[in-house]
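Visitor: build the 3D model from these lines:
(2 chains)
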Amino acid sequence: MRRPRTIGLAALGAAAALALAACGGGSSGSGGSSSSSSSSAAGFNAAVTTVVNPSSHKGGTLTFGSSSTPDSTDPGNTYYAFMWNLTRLYTMPLMTYKSCPGKCGLQVVPDLATGPGVVSSNGLTWTYHIQPGIKFEDGTTVTSADVKYAVERTFDRSVLPLGPNYFSLLLAPQKPAYPGPYTDRSKNLMGLNAVQTPNATTIVFHLAKPFADFNYVVAIPQTAPVPPNKDTGANYQLHPVSTGPYKFQSYQLNKQTTLVPNTFWKASTDPNAKQLASKIILNWNMNANDIDNRLIAGDLDVDAAGTGVQAAARAKILSSPTLKASSDNPISGFLWFAYLNTKVAPLNNLACRQAIEYAANKTNLQTAYGGPVAGGAIASTVAPPNVIGQKSFDLYEATTKPNGDIAKAKAALKTCGHPNGFTTGITYRSDRPKEVAAATALQQALSQVGIKTTLHGFPAGTYYSNFAGVPKYMDSHNIGIAFGGWAADWPDGYGFFDFITAGDTISPAGNTNIEQLNDPVVNSDLNKMASTTNATQRNSYTAQIDMQVMKDAAILPEVYAKSLLYRSPNLTNVYVQTYYGMYNYAVLGLK
Amino acid sequence: MITFIVRRLIATVFLLIVVSMIVYAIFFLIPRLAGQSTYQLATQYVGRNPTRVAVLAIEQKLGLSSPLYLQYGRFLKAIVLGTHYNSGTSTTYCPPPCFGYSFKSQQPVWPQMVSDIPVTLSLGIGAAILWLVGGVAIGVLSALRRGTFFDRFSMGVALLGVSLPIFFTGLILLELFSYKWPIFPNVQFVPLTQNPLLWARNLVLPWICLAFLYAALYARLTRAGMLETMSEDYIRTARAKGLRERKVIFKHGLRAALTPIVTIFGMDIGLLLGGAIITEYTFSLHGLGLFTIEAVQNQDLPEILGVTMLAAFFIVVANLVVDILYAVVDPRVRT
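Guide: Residues are numbered from 1 along each chain as shown, chains lettered A, B, ... in the order given. Below is the predicted model:
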């Protein structure tokens, strides 16, 4: 949901927006036909399901370009998906995602830990053992205290404001509230009571209430160990102490980062990362079109932002069979959709919301977001196909009648008591051209069944904090429809649905449950998910919640976002890590 | 002359203070008048789905909740005296002119700008020399060969140069000489002190691109100025005295025609940041221009303030230099 803001440099090709895309491609993304080149296995979408150019060749300088600057290179202070992907080059969190293409890459597996967390019978205590003998880049051995310290840092939101707050939300509270190690300098900087380190290789987390998805939480880079005596607070981003295959050689803030191999890293203890290139250069804040051109010219190896090429390069790639064979079109894990406000009249009536579901012209919405390649596939469910446990269904003929079903929409309007339509407001981010186009397309489609809409565009910077995310504002201004996008922080149904559909997440400002859905079925399923440790059973709730939200017509899904990635032929071991919807940056090498 | 300079310097300081107040008001006062609370402002500088505590912590840290005049006072004080920053584990001193602490990157603004200045200076000075020399030379030749093919051709190119925006010429240059025929591949900034040859090679395309726009204007201005002065009576007198044509053109003709050029040149140098923004963006050069774009994208108010103040400073100084140069170039204003 949170994306770096872009400014209207439309003529220059606005810098690519990036997203926390937490899910990824999945096998469903590889529908396209194979390329014309028969000499190699690589072709269009090859890296979505297979490893392209597998090789263990070492050496070379791997060069990344990014159209954005990192939110932070500090593993404790980052919330950008591409940074989570990149931090694997220099950190080892307790858990991580298995490095493999396709659905395999959605599995959460131990990284610094020796195995998944062992949960107590009451679901409140999670115990991890860390691998002995893992070393920092300076040769000192990693202990569980370093992991605890890393978790403690995330409590000080004035020093590390940008990362997720799961630990302060989930861990058992203490009195007075733990302020983080920068304020609480006592007890060897080990003042957080909810995390205990009985010995140098054991770490125990005490939760406030059961949370079955905790293994996903510790897969966030925030559990990557930080040695307390090397922590420099807000300056730690300039040189995070590495436990991964590479370490910082230099970092010119927001310009360039140079990584070199970490000699204390062992491949045997970290099977999900590789140390192939002899140097990695990350160039930040480059012109997005320039990145595309340099990629195609071979001057750059990877576009780090991972959100796909710009319009100019897209046209070039799709029209050339050779270039197309070196590209992939995975699902990014993002859903573009509209919230249908269940509290504002007449949308508080289910049938009125269903009328919108039927009347919306999904083809036009898809076009607004950039068409089938750059925009995405028409969505009929809330969860994208790569959320674990997602099942596809289509309650409102989104895929069978993509231009909308006027007859059914009119019938629904009759049921809701407004046979000639009604009036409501649509809100969207006015500085996102795609969202503006989508809002206009929806307005037009709805007008065909007599639903009159007024458009309320707001800048992205304040959209959630002041407008769409403020229920009082939405209700008092009669805004029934709000555009938005969503990706989860981890790839299961709880991660996807909790923030946007749980009744208890409705808050007076910065609200994420913008449709204000408070459905007991959804709430109870989410609660069950949070407390069910059996993965199969837990994941079975995903489709149930999805179905219920669609029955409530609380969300109008538009597209499962896709992006067109260019895969440089120089690269080895390239594949889309499904969880991120971008190439796995931790395993790349050069020919 | 010295009193003149001192007077202008004092005026400069006042002007910069006024600029800083206006910029400060635009970014900090107007949003408040429009009803945005400092809490809402602070939410822009935390991660997604922040807790209330998280937002309050950052509001406190950035000092957004204190009265505006206090915040402005702190801002001015930091510029004059420097200030201390708490990074969590230690307190670091940021020496003057410390333009504040970036909301986004949590680092002082000034050191970031300092590291960007060489890039923008290299780009600007190189381009300025190119366009001044090129533009004036073409202008003089055109004026002397008025009506010839050369005149028409060069004025046609000049018209093209004025009309084509930098991001267009930049893309064409890149497409031809960087991607397609990699004569200047992989444009990136290399410090002059590190490798002068690479420095120049990497900057050739940006220089041409930026200079083309300005050179065109200068060529046309010089041509017009030369045509006018060359038809003045004193030129006829100079020729009648039997002076060599070269001396007539350069000593008597060009010198007078240069006065308006110097004015414009001074202003252009001051305003160069505008052209640098687009050039640096097109070529992905990490100078002040790209820094500005990033600051605006991130709505990083201290960075925007810092870069605005620096730009204002350059413009004011450039004006001062122009006034002094006037006296050197044109004897008529020497009083």
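
Visitor: mind checking how far the worst-scoring helix or strand of chain B on mean pLDDT is from the chain centre?
Guide: One helix or strand of chain B scores below all others by mean pLDDT, DSSP states H and E: helix B:38-43, with a mean of 81. Chain-centre distance of helix B:38-43: 32 Å, with Cα atoms, centre = their mean, to the nearest Å.

Visitor: for stretch B:199-219, same thing?
Guide: Here stretch B:199-219 is found 14 Å from its chain centre; the criterion is Cα atoms, centre = their mean.

Visitor: likewise stretch A:555-568?
Guide: So, by Cα atoms, centre = their mean, the centroid of stretch A:555-568 is 12 Å from its chain's centroid.

Visitor: same question, stretch B:176-190
Guide: What separates the centre of stretch B:176-190 from the centre of its chain is 24 Å, taken as Cα atoms, centre = their mean.

Visitor: which parts of it are buried?
Guide: B:177-179, B:184-185, B:187-190 (16 or more other Cβ atoms under 10 Å in any protein chain shown). C-beta coordinates here come from the backbone N, C-alpha and C atoms, glycine included.

Visitor: equivalent analysis for stretch A:276-286, please.
Guide: A:276-277, A:280-286.

Visitor: residues near whichever residue of the stretch 451-591 of chain A sits closest to chain B, how many?
Guide: Residue of the stretch 451-591 of chain A nearest chain B, by Cβ to the nearest Cβ: A:S465 (4.4 Å). A count of nearby residues for A:S465, using other Cβ atoms under 10 Å in any protein chain shown, gives 22.

Visitor: doesn't it belong to a helix?
Guide: Yes: applying DSSP: H, G, I helix; E, B strand; the rest coil, one finds A:S465 inside a helix.

Visitor: can you pull the contacts of it?
Guide: Listed by Cβ atoms under 8 Å, 6 or more residues apart in numbering or on different chains, the contact partners of A:S465 are A:509-510, B:40, B:43-44.

Visitor: go again with 6 Å.
Guide: Under the criterion of Cβ atoms under 6 Å, 6 or more residues apart in numbering or on different chains, the neighbours of A:S465 are A:510, B:40, B:43.

Visitor: now the second one, nearest residue through space, not along the chain?
Guide: Right, B:Q40. Nearest in space to B:Q40, with sequence neighbours left out and distances taken as Cβ to Cβ, 6 or more residues apart in numbering or on different chains, is A:S465 at 4.7 Å.

Visitor: next one: the first one
Guide: Spatially, and ignoring its direct neighbours in sequence, A:G510 is nearest to A:G469 (4.9 Å; Cβ to Cβ, 6+ apart).

Visitor: is it correct that the one you found is in contact with A:S507?
Guide: No: counting by Cβ atoms under 6 Å, A:G469 sits too far from A:S507 to count as a contact (8.1 Å).

Visitor: ok, these two, which is more surrounded?
Guide: A:G469 (22 against 15).

Visitor: so for the more buried one, what's the pLDDT?
Guide: Looking at A:G469, its pLDDT stands at 90.

Visitor: and for the one 5 residues further on?
Guide: Model confidence at A:M474, expressed as pLDDT, equals 94.

Visitor: can you tell me the element it falls in?
Guide: helix A:471-476 (DSSP states H and E).

Visitor: for B:G242, same thing?
Guide: B:G242 belongs to no helix or strand, assigned by DSSP H and E.

Visitor: residues near it, how many?
Guide: B:G242: 6 neighbours (other Cβ under 10 Å).

Visitor: again with A:S121
Guide: 7.

Visitor: now do A:A460
Guide: 18.

Visitor: can you check A:E558 too?
Guide: By other Cβ under 10 Å, neighbour count at A:E558 equals 27.

Visitor: what's the pLDDT at it?
Guide: 97.

Visitor: A strand includes it, no?
Guide: Yes: per three-state DSSP, A:E558 lies within a strand segment.

Visitor: next up, the contacts around it.
Guide: Shown here is A:E558, whose contacts under the criterion Cβ under 6 Å, 6+ apart are A:336-337, A:365, A:379.

Visitor: phi, psi for A:V576 please.
Guide: Here the main-chain torsion angles of A:V576 (degrees, to the nearest 10) amount to phi -80, psi 120.

Visitor: residues near it, how many?
Guide: 34.

Visitor: with that, I have no additional questions.
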